[in-house]
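My questions are about this predicted structure, shown below with the sequence.
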Amino acid sequence: MAFAPSSPVTGSTVTGFTTPTYTLTLDVAPSMNGKQYAVTAIGGTQTGVDVHTVSKPFTVTFFRPMVIRTLPQANPITGVIKGVPFNTYKLITRKGMLPAASQTPIVARITTMIEVPAGSDTYEPEDVKAMLSSHAGVLAASAAGIGDTLLSGIL
């Protein structure tokens, strides 16, 4: 299945939020190799959180490579494949926020890059899925601690 998050998305547990949800509406991505959703409603207890607006965007965008790379031929003598290319995918979350009172909103970003060696999508798809599953799981399980670190600077 393609990138199509179900809406609303249930947010991870973070300090100060109770059962956070985010309603996503299909939006126009900044380039043709992306798919973007805007957060148009929130649920649960998230006091002070704004939904998407022009001046304070709240979007989630997934990009695929402009050109999907394939595995090159192996050397006919050695059987070795040199210079295996990577297909790089990106998931970017953008959220406009104020840096201080009476200031213009600034857009904060979270970028996850996924670099998959060409060929492994066919040869070992289970390892590609395991990599993503563990990454998403660690991020979800660590959301509260990461949030605290972003605020305190303490790792």
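Structure's in. What do you need?

When you work out contacts or count neighbours from here on, use the C-alpha atoms and nothing else.
Fine.

can you map out the strands along the chain?
Taking DSSP state E to define them, one finds strands in the chain at 9-10, 18-27, 34-45, 58-63, 86-97, 106-117.

average model confidence for the fifth one?
Along strand 86-97, the predicted local confidence has a mean pLDDT of 97.

And for the last one?
Mean pLDDT, computed over strand 106-117, is 97.

Name the residues that touch that strand?
Contacts with strand 106-117, where a contact means Cα atoms under 8 Å, 6 or more residues apart in numbering, come from 56-57, 84-99, 128.

one more time with 7 Å, if that's ok
The set of residues external to strand 106-117 that reach it, using Cα atoms under 7 Å, 6 or more residues apart in numbering, is 84-99.

ok, those residues vs Thr10, which is closest?
Thr10 has its nearest neighbour among the contacts of strand 106-117 in Thr93, at 15.0 Å by Cα to Cα.

The closest one touches Thr61, doesn't it?
Yes - checked against Cα atoms under 7 Å, the pair Thr93 and Thr61 is within contact range at 6.4 Å.

Skipping adjacent residues, who's closest to the residue nearest to the spatial centre of the chain in space?
Taking Cα atoms, centre = their mean as the criterion, Leu91 is the residue nearest the geometric centre of the chain, at 3.0 Å. Nearest non-adjacent residue to Leu91, counting by Cα to Cα, 6 or more residues apart in numbering: Phe62, 4.5 Å away.
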